[in-house]
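Colleague: Fold the following and give me the result.
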Amino acid sequence: MNRMAKKIRAFRVACLGLMLALFIFTGCDNDNGGAVFEDTKLRTVTEYFENEGNGEFSEWTKLLRASKYYGLLAARGNYTFLACKNDAMEAFYSELGVSGVDGLEKDYVDLLVRTHTVMTGFESFSFRQGPMSDTTMNGNKLVVAFGSEGLNGLKVNQKSTILERDIECSNGFLHILDRPVEPISKGVHGTLKDLGKYGILTEAIEKTGLIDTLELETTEKGTRVLYTVLAEPDEVYKAKGIEDFAGLVEKLGAGNDYTSRDNKLNRFVRNHVISGKLFSDRFKTDILLTVGSSMVKMIKNSDGYFINTQIDDFGNEVFEGANTLDVYNLDMQSKNATIHDVKDVLFEAEFDPILVEDDIIAVPELYGFQVASNDQEVVYVDKVERWRAKGYTQFVYMYRNNSSDHLNCYVAESGWFEYTTRPILKGTYDISFRSGSGNFRATMSAWIDGQRSENLVYPPAWNVPIGRYTFTENGRHKFMLKSVAGGRLSLDRLVFKPVK
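Modeller: Predicted structure coming up:
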């Protein structure tokens with residue numbers, strides 16, 4: 001019996017060795033996590049520039065060699081490379097007032113190379129309208145737009161057109177542009193000012209003292225600061241009879257103390273800014289909270305993006321007169337934001353409260369990453385972006401099917417968790433907690449914004465009333481369940497039902 005076991009082990013070792021040898025000599029792991037078998041006839045992108053580009057990439061090669069990334073791009077990998085031929089580079093240098101790469105600052109050279117290198121290799125057939133699926137080496141996403149000619153009229157970041165595409169190299173795919181992509185090097189205010197068509201809005205940002213806020217890239221703790229900005233070009237203001245900054249102040253009745261958060265101009269500017277960097281492909285029908293604590297209602301349908309529609313007496317959306325996004329000027333970027341043009345002046349709007357069913361587990365950190373989707377797989381989570389869990393709270397497993405989802409967890413007697421809701425319109429609501437499963441043993445006390453409910457959450461807890469609450473401001477709220485008697489708990493959603 002022992003001899004048979006030894007033979008089996010020897011056979012397994014031999015098979016493993018053969019598989020390893022085949023893997024080493026025939027392929028390598030690519031950046032996408034799959035096996036790619038390398039065609040030894042292919043050349044790296046730098047070899048293509050130097051040997052097969054008919055001398056048309058000598059200026060681009062000089063740029064690469066002047067950067068600190070030449071060695072990286074000459075090695076194996078899986079990138080998307082964007083590059084320009086000599087005539088485009090010479091025109092670009094002329095715009096900058098230099099004769100060649102030697103006239104550029106070293107940091108700017110490195111920035112240019114990073115801007116034109118995407119961290120994953122993409123052929124053009126995988127492009128879609130909107131941002132690429134991965135970032136450049138610079139940390140930003142390039143935005144692709146389709147023209148009337150489809151793949152033959154692709155634009156990158158609105159200004160650069162792809163002339164030749166899908167040149168395959170051993171370390172990625174190369175696409176040739178008619179002009180370099182302008183590097184993203186400034187924050188919101190600097191970018192709007194450079195674009196040259198937002199004079200009234202940029203002056204409002206300056207006068208309110210919000211420049212520093214909108215130029216900020218990281219907090220003191222190192223967290224990235226990201227925004228979405230809805231911006232009106234000057235022509236939009238002028239169509240409303242607002243000729244300049246003074247006209248905007250008069251229209252708003254803003255007084256003089258523009259730096260006060262209570263000032264109408266200050267609030268107007270902050271209500272153009274949404275926390276988080278949203279590209280147009282992420283827009284959906286939703287209520288978005290601005291940093292000025294107003295709400296922007298977004299309706300997405302086949303006709304485009306509608307902002308701040310109203311509801312008629314029959315409960316129907318009224319699109320006539322609503323603001324809209326300019327679909328031809330979406331997804332502009334600063335270092336810390338996406339910028340989208342709007343076609344009308346974005347004045348603050350008021351909305352009646354609406355029914356909200358807040359799926360308290362449908363947040364990225366739970367739904368996609370820290371909590372596994374496989375049943376019974378135990379994952380321990382201590383702190384995530386919109387969740388806090390303490391006192392031996394264990395998130396056990398996520399259950400999902402086509403009709404429902406819920407999160408099972410175990411809460412000890414000293415355990416609790418706190419959840420930050422999605423934005424809720426100000427108003428009065430009856431709030432209830434819904435469990436996703438009858439497999440429920442814990443008894444919990446419920447808290448909203450530090451105010452304890454008179455009702456306990458206890459088995460079976462399919463739909464437990466938390467209480468009636470009035471919110472005087474638009475915003476997010478803290479929901480906490482605190483253990484009274486430990487045990488298994490099934491989480492699903494919070495329901496906010498408006499009280500008329």
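
Colleague: okay, CA-based contacts and neighbour counts for the rest of this
Modeller: Fine.

Colleague: which residue ranges form the strands in the stretch 351-500 of the chain?
Modeller: Remark: strands assigned in the stretch 351-500 of the chain by DSSP state E, counting those that start in this stretch are 356-359, 383-384, 387-390, 393-400, 405-411, 416-420, 427-434, 443-448, 451-457, 464-471, 478-485, 487-491, 493-498.

Colleague: after the helix or strand of the chain with the lowest mean pLDDT comes which helix or strand?
Modeller: Here the helix or strand of the chain ranked lowest by mean pLDDT, DSSP states H and E is strand 35-36, holding a mean of 32. Proceeding N to C from strand 35-36, the next assigned helix or strand is helix 45-47, under DSSP states H and E.

Colleague: which other helices and strands contact whatever helix or strand comes next after that next one?
Modeller: Using DSSP H and E, the next helix or strand after helix 45-47 towards the C-terminus is helix 58-66. With contacts defined as 3 or more C-alpha pairs under 8 Å, 6 or more residues apart in numbering; DSSP states H and E, helix 58-66 has these neighbours: helix 86-96, helix 106-115.

Colleague: try 10 Å
Modeller: helix 45-47, helix 70-73, strand 79-84, helix 86-96, helix 106-115 (3 or more C-alpha pairs under 10 Å, 6 or more residues apart in numbering; DSSP states H and E).

Colleague: Make a markdown table out of the ones you listed and add distance to T61, mean neighbour count and mean pLDDT.
Modeller: Output for those, formatted as a markdown table (distance: least, C-alpha to C-alpha, whole Å; neighbours: other C-alpha atoms under 10 Å; pLDDT from 0 to 100):
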| stretch | distance to T61 | mean neighbour count | mean pLDDT |
| --- | --- | --- | --- |
| helix 45-47 | 7 | 21 | 95 |
| helix 70-73 | 9 | 15 | 94 |
| strand 79-84 | 10 | 24 | 98 |
| helix 86-96 | 10 | 15 | 97 |
| helix 106-115 | 11 | 18 | 97 |
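
Colleague: Next, the contact list for Y48, please.
Modeller: Y48 is in contact with 42, 54, 57, 167-170, 174, counting by C-alpha atoms under 10 Å, 6 or more residues apart in numbering.

Colleague: Now the buried members of those residues.
Modeller: 57, 168-170, 174 (16 or more other C-alpha atoms under 10 Å).

Colleague: what's the most distant pair in the residues you listed?
Modeller: Pairwise distances across the buried ones among the contacts of Y48 (C-alpha to C-alpha) peak at 18.1 Å, for the pair F57 and S170.

Colleague: Just the CA trace of stretch 43-62, in PDB.
Modeller: Output of stretch 43-62 as PDB, limited to C-alpha atoms (Å, rounded to 0.1, in the frame of the first residue of the first chain):
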ATOM      1  CA  ARG A  43       8.400  43.400 -31.100                       C
ATOM      2  CA  THR A  44       8.100  45.700 -28.100                       C
ATOM      3  CA  VAL A  45       6.600  49.100 -28.700                       C
ATOM      4  CA  THR A  46      10.000  50.700 -28.500                       C
ATOM      5  CA  GLU A  47      11.400  48.300 -31.100                       C
ATOM      6  CA  TYR A  48       8.500  49.200 -33.300                       C
ATOM      7  CA  PHE A  49       9.200  53.000 -33.000                       C
ATOM      8  CA  GLU A  50      12.900  52.500 -33.700                       C
ATOM      9  CA  ASN A  51      12.900  49.800 -36.400                       C
ATOM     10  CA  GLU A  52       9.500  49.500 -38.100                       C
ATOM     11  CA  GLY A  53       8.100  53.000 -38.000                       C
ATOM     12  CA  ASN A  54       9.800  54.200 -41.200                       C
ATOM     13  CA  GLY A  55      11.600  56.900 -39.200                       C
ATOM     14  CA  GLU A  56       8.300  58.600 -38.400                       C
ATOM     15  CA  PHE A  57       8.600  58.200 -34.700                       C
ATOM     16  CA  SER A  58      12.000  59.600 -34.100                       C
ATOM     17  CA  GLU A  59      10.600  62.500 -32.100                       C
ATOM     18  CA  TRP A  60       8.500  60.200 -30.000                       C
ATOM     19  CA  THR A  61      11.500  57.900 -29.400                       C
ATOM     20  CA  LYS A  62      13.400  60.900 -28.200                       C
END
